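Q: A predicted structure for the sequence below; I have some questions about it.
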Amino acid sequence: MKADAIKLDGKSAGSVELSDAIFGLEPRADILHRVVRWQRNNAQAGTHKVKTRSEVNYSTKKIYRQKGTGGARHGARSAPIFRGGGVYKGPTPRSHGHDLPKKVRKLGLMHALSAKAVAGELVIIDSIDVKDVKTKTLAAQVKELGWKRALIIDGADVNADFVQAARNIAGLDVLPTMGANVFDILKRDTLVITKAGLEALEARLS
């Protein structure tokens, strides 16, 4: 399938050939869901922690006598039923991550790219290799192009000047090809791929 390419100033930059095996798939929500869930679970810190009965700082002295009070028998204030006592079976530090086959991860990225192409939210630009670009100038270009929440995927190496200029523009992110992932692609309204990024993506997913 063919797609028109543009420059950062909005002018035409010819056309490019998109691989049907990557951009021509029928998006499957189940695969996208599996990959996004895998990503988000791996990103969880898992540092939640409560103090158990053995970790609460209380005296081990018996709080009142065993018999004669009319109440239940208790030996320590650190019991879970008391205020400030240890928590019974509370959360402990652990990893929320789980395994996902590489084949499914690769397929998920291809379906995410196809989803953007099907929705008409895929833009191919010539290049972002511009020197001394300023944030103000880039912000004006992005506004003129109508990109409100956009992700730009470049080749293996991203122009440092462009990244610095884009850093303070709300809703605009720049990633190298190896950083392209399903969650970031689906989260943005517009997916922008450079010609270098397109070649690198096809090489990565072929």
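A: Sure thing, it's come through.
Q: going forward, measure contacts between C-alpha atoms and count neighbours the same way
A: Noted.
Q: quick one: the helices in the protein, in order.
A: Here the chain has its helices, by DSSP state H, at 20-23, 29-43, 102-118, 135-145, 160-166, 182-187, 195-205.
Q: for the chain, identify the residue most remote from the centre.
A: Largest separation from the mean C-alpha position in the chain: Gly68, at 61.4 Å (CA atoms, centre = their mean).
Q: which residues touch that residue?
A: Neighbouring residues of Gly68 by CA atoms under 8 Å, 6 or more residues apart in numbering: there are none.
Q: from Ser206, how far out is it?
A: Distance, Gly68 to Ser206, by CA to CA, to the nearest Å: 80 Å.
Q: before we move on, what about Phe82?
A: 61 Å.
Q: on that earlier part again, now do the residue farthest from the centre of the chain, the pLDDT please.
A: Reading off the confidence values, Gly68 has pLDDT 93.
Q: do Val174 as well
A: Reported pLDDT at Val174 in the predicted model: 95.
Q: identify the bridge partners of the nearest residue to it once chain neighbours are set aside.
A: Of all residues beyond its chain neighbours, the one nearest Val174 is Ile152 (4.7 Å), with distances taken as CA to CA, 6 or more residues apart in numbering. Beta-bridge pairing of Ile152 under DSSP bridges involves Val174, Val192.
Q: wait, doesn't Ile152 sit right on Thr177?
A: No: the criterion here is CA atoms under 8 Å, and Ile152 misses it with Thr177 at 9.7 Å.
Q: buried stuff in stretch 67-83?
A: Buried residues in stretch 67-83, counted by 16 or more other CA atoms under 10 Å: 76-79.
Q: could you do stretch 47-63 as well?
A: Buried residues in stretch 47-63, counted by 16+ other CA under 10 Å: 51-53, 56.
Q: show me the contacts for Gly155.
A: Residues near Gly155 by CA under 8 Å, 6+ apart: 176-177, 194, 196-200.
Q: would you quantify the distance from Lys103 to Leu109?
A: 10 Å.
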